[in-house]
Each structure stands twice: as structure tokens, then as C-alpha cells.
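[1] Here you go, sequence then predicted model.
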Amino acid sequence: MPRVFALVDCNNFYASCERVFQPRLRDRPIVVLSNNDGCVIARSNEAKAMGIPMGAPFFRFRRLAQHRQVEVFSSNYALYGDMSARVMRILQEYTPSLEVYSIDEAFLDLSGHARRDLGAYARELALTVRRSTGIPVSVGIGPTKVLAKAANRIAKRNPETGGVLDLAALGPHVDAHLERIAVRDVWGIGKRWAEKLEQLGIGTAAALRDADPSLVRRRCSVVVERIVHELRGVSCLALEEAAPPRRQVLTSRSFGTRVERYEDMREAVATFAARTAEKLREDRARAQALTVFLQTSEHDHRTPQYSNAATVPLPRATQDTGELIRAAMDALDRIWKPDHRYLKAGVMLLDLVPEDADQAVLFGAPGEAKRRESRRLMHVLDGVNRDQGTGTVRYAAEGLRKAWRMKQERRSPAYTTRWDQLPVAKG
DNA sequence: TCTGGGGTCCTAGGACCC
DNA sequence: TCTGGGGTCCTAGGACCC
């Protein structure tokens, strides 16, 4: 049976989230910044039209933003995550076969709907999401994921589609559209492969579709070869409804101010370890190894550069914050070098195994009582921090000063996830 | 000028995504 | 002064084993 995929994508997602709770932002240019207020990671259409590029370091556009009265926000992941969950719940009602691909995108398998008018169906879906959440979405429909992505792109760029496009409805006009999509803009083709493909005379989505798959495999990789097939309508990338268990989990941050003191670095790394441990427990997993890395700024040419990482095995798979902090401190001591201005550090947990994988074996085994105690403690810790906010209860090693804390000067309130920050309707 | 051959496992690095 | 964070997959090459 031929497959039919839809890609639903929230338009300018972070900017749209900010807009939902501040109606005065309608029609205003908005940008949202990365952690540490470093780069531009989302823009409303108005901001795009001013030529503020995606990923640009914000300091280069600060004056323009000020001059043109751009609304600037620090990123607010509590808000975006919650809005994303609302959107996904609605999509779930429309189809059980859904892959949440990212915070603002989902693939839907519409193969069972193939005889209905998919365009009308998708328009209704988009309207429902808009009405219930305030978030505008675009929908692209095609026989493969790569083509659904392309259809979505075409829908966004052609206002007459109303943000919804079924590739099948284009008939022979598909070619003209694929010829206008640069190969760089095909899903899965990044800068490097685009350069390579262009050298081979393959510059557009249409040209990639018509390229020799074995040549593409030799010169690029099997991944790019698959994209050729996908562009031809042969589905190689399946819908992944149940996300496979994560293989690693990582917390890292650039510091608000450079870190030079050992004590500050210990505090930061302990904090990252604690946060990573929390994510690990959310995943109901344990880790068998831990990596700490740190680095100076590659943009800073006047002070010595250094970056390094150390991995320590964990004697037994664990999800205990205390144990993970201790391991992180050991790893840090192996790579710490004084007299450097550190920009960034992080903690990564590796070789994850399911929480209960070895429980039968360990029942009654030495250390099992201690482990159960740890589990209860972690449960309480997570409960409090979930209800009262991250970091309400924490380990002493995480510190109080946090001189290195990231910069977030323009964050909007957590409208939807904190009672004390609910928006107030004035009568 | 010679120094087997093949399989598996692991890791580092490069590529991509949002 | 000021340049994000968190993932995945694939491949090449080395270690190790028989």
C-alpha cells in the first residue's frame, strides 16, 4: 500500500508562543534568543523581513533591533515545552500514528486516510490547532517524509495554499517546485553535502531526485542515497512512533561570565550533573559511564585555549544524584587546568540501561537496601523540584552563588506551568 | 623485500537535525 | 564586552581474537 505522510510544523514556534500570551505582539517583529542570550534562534515573519538571520549572534543585531523596536526574548523552555505538548495532544486526536519529531514538528501517517480529501482534512486540523492553542501551523503531505517536508516548505512560501499543501494535488507541477528548492534546503542535506553535490552538478531537489543513487552513495554516503529514493517517492524512512530509548543524556551550558576559579567550576559541573541525573530518572534509566568536558572560547584569541574531556566508568549502573556528582568531580579533577578563562562545560551520561534491567539479579544482593533508599530519596527530590521549581532542593556541591549562571535578561513568565505566573485577565 | 586473513567490537570524528 | 544546547546515525580505523 502506498504510504502517505503529513508533516505538521508550527510556524515560528517560539515567537508564536510569546505572542499567544501578549496580544500586543501581534504583527510586531519578534526574536527569541538562545541560552545565555547568545544567538537568534527564532524570528517572527516581520523580523525575518528585516534581514535578521537565523543563528546570528545577537550582539551584531542589537542596534538594529533597538532601532526598529524589535521585541526580544530570552528563551523560555518551560513555556515552549508546555505549548508543544498541547499541540501534540490535538494532533494525536486526529491520528493515532504520530511521530513527535521535534518540539515544533510532528509526522503523521495518513496512509489509512488515502481516499479522503487530505487537503481538506489537513486544513481542518490546522484550524483546530490554531483555535485551541493560538499556534499557527503549516502542513505538507507527500508519499515519503522527505517529500512531506518539501511540501511543507512549499506551503509556507506560497500564501495562496493557506499553509496546507498535498503534493499529490500538484500533479505535473511538482517538478517546477522541486526545481526551485536548492539542494541545501532538502531535509537531510547540510552544508557539506550540498557543496559536494553542487560539485557534481546537482544543485536542486529535482536534480538530486534524478541523480544516480550509486554515485551519490559513493561520493556522499548511504544517508544521501536514501534521500534520493525518498525524493522519488520510495519511502525509506519509517514513522517512529515510539521513540527508542535514549542512548545518552547531556547537560551543558555556556557561562554568563567566564569561569576561572576551580570552586566555581566545581559548582557548575555539580549542577550540570544533578540536572542530568534528573533527566536520567525521567527516562527511567541508569548510567554506566559519565563524561565531563570543559572548554575555553574559540573566539577569544588573547588568552590560552584549552578543551578537554574525561570519561569515568561507574562501578555500577546508577541514577543517584550524589553518586553522579562524585563521579563528575573525579572526572573534572583529571582535566582541570588553572589559569584559563572557561566558556563552557558539560556533563554527559553514557551507556544507559533501563532502570529495572538488573533488579531480579540484585534483589537481596549486597547494596540493594542502599539502592532502595537512594531511590526513595530521589523520588522525593524530584517531586519537590517538579512542584516547586527546578533547584528548590539541591546538593550542597551545586552551590548558592552560581556566579557562572547564564544570562537571561529578557525572559517572559512561565505562563502555563507556574501558578504564580499565570496571566491575569483584567476586567 | 617480506611481514595471513577474517570477524567483531569499540571509539572518535564527521555529518546531520531542530 | 557579547557567538546555544541536545540529540542521532554512519564510517573509518584500531584492538583483539581465532
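    Okay, I see it.
[2] For the stretch 101-250 of chain A, which segments are assigned as helices?
    Along the stretch 101-250 of chain A, counting by DSSP state H, counting those that start in this stretch, helices occupy A:118-133, A:145-157, A:174-179, A:191-199, A:205-209, A:213-219, A:222-231.
[3] what's the closest of those to DNA strand B?
    helix A:191-199 (3.6 Å; C-beta to the nearest atom of the strand). Yep, even glycine has a C-beta here, placed from its N, CA and C like the rest.
[4] quick one, that closest one and helix A:222-231 angle?
    With axes from the mean of the first three to the mean of the last three C-alpha atoms, to 10 degrees as the basis, helix A:191-199 and helix A:222-231 are set at 70 degrees to each other.
[5] Only the buried residues of helix A:191-199, if you could.
    Residues A:193-194, A:196-197 are the ones in helix A:191-199 that count as buried (16 or more other C-beta atoms under 10 Å).
[6] possible to save those as JSON lines with distance to residue A:172?
    Shown next, in JSON lines, are the buried residues of helix A:191-199 (distance: C-beta to C-beta, whole Å):
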{"residue": "A:193", "distance to residue A:172": "28"}
{"residue": "A:194", "distance to residue A:172": "27"}
{"residue": "A:196", "distance to residue A:172": "30"}
{"residue": "A:197", "distance to residue A:172": "25"}
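[7] So of those, which two are at opposite extremes in space?
    Pairwise distances among those were taken by C-beta to C-beta; the largest, 7.3 Å, belongs to A:194 and A:196.
[8] now the nearest residue to residue A:413 once chain neighbours are set aside: how far from residue A:221?
    Sequence neighbours aside, residue A:421 is the residue nearest to residue A:413 in space, at 3.9 Å (criterion: C-beta to C-beta, 6 or more residues apart in numbering). Residue A:421 sits at a distance of 47 Å from residue A:221 (criterion: C-beta to C-beta, to the nearest Å).
[9] Most proximal residue of the stretch 1-150 of chain A with respect to DNA strand B?
    Across the stretch 1-150 of chain A, no residue is closer to DNA strand B than residue A:102, which sits at 3.4 Å (C-beta to the nearest atom of the strand).
[10] can you list contacts of stretch A:246-264?
    With contacts defined as C-beta atoms under 8 Å, 6 or more residues apart in numbering, stretch A:246-264 is touched by A:35-36, A:38, A:265, A:268, A:272-273, A:275-276, A:279-280, A:283, A:285, A:287, A:293, A:297, A:336, A:338-350, A:352, A:401, A:403-407.
[11] among these, which are in reach of DNA strand C?
    With C-beta under 7 Å from any atom of the strand as the criterion, the subset of those in contact with DNA strand C comprises A:35-36, A:38, A:279, A:297, A:343-344, A:346, A:406.
[12] does residue A:256 count as helix, strand or coil?
    When classified by DSSP: H, G, I helix; E, B strand; the rest coil, residue A:256 comes out as strand.
[13] same check, this time on the one 10 residues further on
    Three-state call for residue A:266 (three-state DSSP): helix.
[14] Residue A:395 is in contact with that one, correct?
    No. Counting by C-beta atoms under 8 Å, no contact exists between residue A:266 and residue A:395, whose distance comes to 11.6 Å.
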